[in-house]
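Asks: Sequence plus the predicted model coming up.
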2 protein chains.
Amino acid sequence: MDASGTRCHILSIAERLFREIGYRKTTVADIAKSLRMSPANVYRFFESKKAINEAVAERIMAEMEAELAAIAGRDGSASERLADFVRALNRLAIGRLIDERRMHEMVECAMTESWEVVHRHIARVDEMLCRLVADGARSGEFRAADPMVAARCVHSAIIRFCHPALIVQCADEPGPGLEDMVAFVLRGLRGPEPCPDAPASGG
Amino acid sequence: MDASGTRCHILSIAERLFREIGYRKTTVADIAKSLRMSPANVYRFFESKKAINEAVAERIMAEMEAELAAIAGRDGSASERLADFVRALNRLAIGRLIDERRMHEMVECAMTESWEVVHRHIARVDEMLCRLVADGARSGEFRAADPMVAARCVHSAIIRFCHPALIVQCADEPGPGLEDMVAFVLRGLRGPEPCPDAPASGG
């Protein structure tokens, strides 16, 4: 197995152990043992357990981003795609990051100890939202003087539905439903216009 | 001093000590000593340090709510008042809850150990926002089929600017500015209409 194959294998085993016995309880020695490797060999590829966690988190986020990119790149109006994008962000955050309680532990560690990884994920989601907003501006669905500012407004507006710690904290709070928030965000993007005589929406 | 005066005095001293030496380091014995009371006497009024913290948090939030209520109850269009309300929420969160680092410790404890206190504050802010949205619907500024749903959308949308832990976490993240978010929220409330021939806005 080449170096990149070994790295990938280490991450798969680490992710499985994080899921099965939890992030905090998993040691580099456990990972090495499952791989029938020496811990020293694992350390040749990752300098610390934190580095393994960051790589696992990157991989999970890359999978989420691939699903989101597929939705963003689909046919259909920008409004429909943006609404589905927000729904997917919520679904993925709940499914991948929260429902699997042991993975949630890993996500919390990433959010406190490895904010850089989370930061890059936020930036990539902002980029995708920005392209959706720009699509909608071109088709006449949205008004957005600055698509990136509008994208960041959307991302901030829905943070309650995609930030793992907030989802947990707000679980029992009365609040807008996801569909209420999707509708609110779309109204914010459409702005005070278009009026009945506005350009037809795309899609 | 009557019982209510004593309670109030205990809270003032506790708040001062939380500010001066920090929440975690302050003991009920410290509070009693500053009051020239026995700890047993303090416990007659508050069953635990947690109960004192909750009462201090309630008092700080009540002061914040009084400022917010003054803005909500002012003359002016609902849009202007709502924009100022959101700005004040942000300013109060930064000033009262974050900038005073030692108070931030107390706020964090309240948010993890005494969510009920925070929950009631959120509900009161929702109520004020709801009245503002309803005012704007009456004046023709906003469209809102359900003012409480719209109010909760606004509150969720601006959470990045009023939730102490998020303000700290997002401090170095690129994101919309407060004024971008205020404008976005107002567009969300105004909806796809009003068109040029819509009812004149109030104020």
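Replies: Cool, got the structure.

Asks: quick one: the lowest-mean-pLDDT helix or strand in chain A to chain centroid distance?
Replies: With mean pLDDT, DSSP states H and E as the measure, the helix or strand of chain A carrying the lowest mean pLDDT is helix A:101-113 (a mean of 78). Helix A:101-113 has its average C-alpha position 14 Å from the chain's average C-alpha position, going by Cα atoms, centre = their mean, to the nearest Å.

Asks: now stretch A:30-40
Replies: With Cα atoms, centre = their mean as the basis, the distance from the averaged C-alpha position of stretch A:30-40 to the chain average is 30 Å.

Asks: Give the buried residues for it.
Replies: For stretch A:30-40, burial by neighbour count (16 or more other Cβ atoms under 10 Å in any protein chain shown) applies to A:30-32, A:34-35, A:37. Placement of C-beta: from N, CA and C, glycine included.

Asks: now swap in stretch A:83-95 and tell me
Replies: The neighbour-count check on stretch A:83-95 (16+ other Cβ under 10 Å) flags A:83-93 as buried.

Asks: What strand or helix carries A:Asp135?
Replies: Assessed by DSSP states H and E, A:Asp135 sits inside helix A:115-139.

Asks: How about that helix and chain B, any contact?
Replies: Yes - Helix A:115-139 comes into contact with chain B (Cβ under 8 Å from any Cβ of the partner chain), by way of A:115, A:119, A:122-123, A:126.

Asks: quick one: secondary structure of A:Pro174?
Replies: Reducing the assignment at A:Pro174 to three states with DSSP: H, G, I helix; E, B strand; the rest coil gives coil.

Asks: My understanding was that it contacts B:Ala123; is that so?
Replies: Yes - using Cβ atoms under 8 Å, A:Pro174 makes contact with B:Ala123 at a distance of 7.4 Å.

Asks: Just name whatever secondary elements the helix or strand hosting A:His155 is in contact with.
Replies: Using DSSP H and E, A:His155 falls within helix A:147-157. The contact analysis (3 or more Cβ pairs under 8 Å, 6 or more residues apart in numbering or on different chains; DSSP states H and E) places helix A:147-157 against helix A:115-139, helix A:178-190, helix B:147-157, helix B:178-190.

Asks: Other residues contacting the next helix or strand along the chain from the shortest one?
Replies: Right, the one you point to is helix B:147-157. Scanning forward in sequence from helix B:147-157, with DSSP H and E defining helices and strands, the next element found is helix B:159-162. With Cβ atoms under 8 Å, 6 or more residues apart in numbering or on different chains as the contact definition, helix B:159-162 has outside contacts at A:156, A:159-160, A:166, B:86, B:89-90, B:93, B:155, B:166-167, B:170, B:175, B:178, B:181.

Asks: next one: stretch A:71-78
Replies: With Cβ under 8 Å, 6+ apart as the contact definition, stretch A:71-78 has outside contacts at A:81, A:84-85, A:88, A:128, A:131-133, A:135-136, A:139, A:141-142, A:201-203.

Asks: now, among those, which is nearest to B:Met64?
Replies: Set against B:Met64, the nearest of the contacts of stretch A:71-78 by Cβ to Cβ is A:Val133 (33.8 Å).

Asks: My guess is the closest one contacts A:Val154. True?
Replies: Yes - the criterion here is Cβ under 8 Å, and A:Val133 meets it with A:Val154 at 7.2 Å.

Asks: hey, what's in contact with both of these two?
Replies: A:82, A:189.

Asks: Just give the number of residues close to A:Met103.
Replies: 22 (other Cβ atoms under 10 Å in any protein chain shown).

Asks: Look up phi and psi at A:Thr26.
Replies: The phi and psi values for A:Thr26, taken as degrees, to the nearest 10, are phi -80, psi 130.

Asks: And for it, nearest residue in space, chain neighbours not counted?
Replies: Counting by Cβ to Cβ, 6 or more residues apart in numbering or on different chains, A:Leu17 is the residue found nearest to A:Thr26 once chain neighbours are left out, at 4.5 Å.

Asks: Please report the distance of the one you found from A:Ile10.
Replies: Between A:Leu17 and A:Ile10 the distance is 11 Å, computed by Cβ to Cβ, to the nearest Å.

Asks: Who has more neighbours out of the two?
Replies: Using other Cβ under 10 Å as the criterion, A:Leu17 and A:Ile10 rank with A:Ile10 on top: 24 against 21.

Asks: Touching, the more buried one and A:Val42? I think so.
Replies: Yes - the pair A:Ile10 and A:Val42 qualifies as a contact (Cβ under 8 Å) at a distance of 6.1 Å.

Asks: between those two, what contacts are shared?
Replies: Overlap of the contact sets of A:Ile10 and A:Val42 (by Cβ under 8 Å, 6+ apart) consists of A:31, A:35, A:52.

Asks: for the nearest residue to A:Glu20 once chain neighbours are set aside, what are its contacts?
Replies: Across the structure, with Cβ to Cβ, 6+ apart as the measure, the residue nearest A:Glu20 apart from its sequence neighbours is A:Arg102 (7.3 Å). Under the criterion of Cβ under 8 Å, 6+ apart, the neighbours of A:Arg102 are A:18-23.

Asks: so what's A:Glu113 closest to, chain neighbours aside?
Replies: Using Cβ to Cβ, 6+ apart and skipping the chain neighbours, the partner closest in space to A:Glu113 is A:Lys50 (6.2 Å).

Asks: Tell me the pLDDT of the one you found.
Replies: The predicted structure scores A:Lys50 at 88 on the pLDDT scale.

Asks: which parts of the host helix or strand of it are buried?
Replies: Applying DSSP H and E as the criterion places A:Lys50 in helix A:49-72. By neighbour count, and taking 16+ other Cβ under 10 Å as the criterion, the buried residues in helix A:49-72 are A:49, A:52-58, A:60-61, A:64-65, A:68, A:71-72.

Asks: just stretch A:173-181 next, same as before
Replies: Taking 16+ other Cβ under 10 Å as the basis for neighbour counts, the residues of stretch A:173-181 that come out buried are A:173, A:175-176, A:178, A:180-181.

Asks: can you put these in JSON lines and add pLDDT and distance to A:Val107?
Replies: Conversion of those to JSON lines gives the following (pLDDT from 0 to 100; distance: Cβ to Cβ, whole Å):
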{"residue": "A:Glu173", "pLDDT": "83", "distance to A:Val107": "21"}
{"residue": "A:Gly175", "pLDDT": "87", "distance to A:Val107": "21"}
{"residue": "A:Pro176", "pLDDT": "93", "distance to A:Val107": "24"}
{"residue": "A:Leu178", "pLDDT": "95", "distance to A:Val107": "20"}
{"residue": "A:Asp180", "pLDDT": "95", "distance to A:Val107": "26"}
{"residue": "A:Met181", "pLDDT": "96", "distance to A:Val107": "22"}
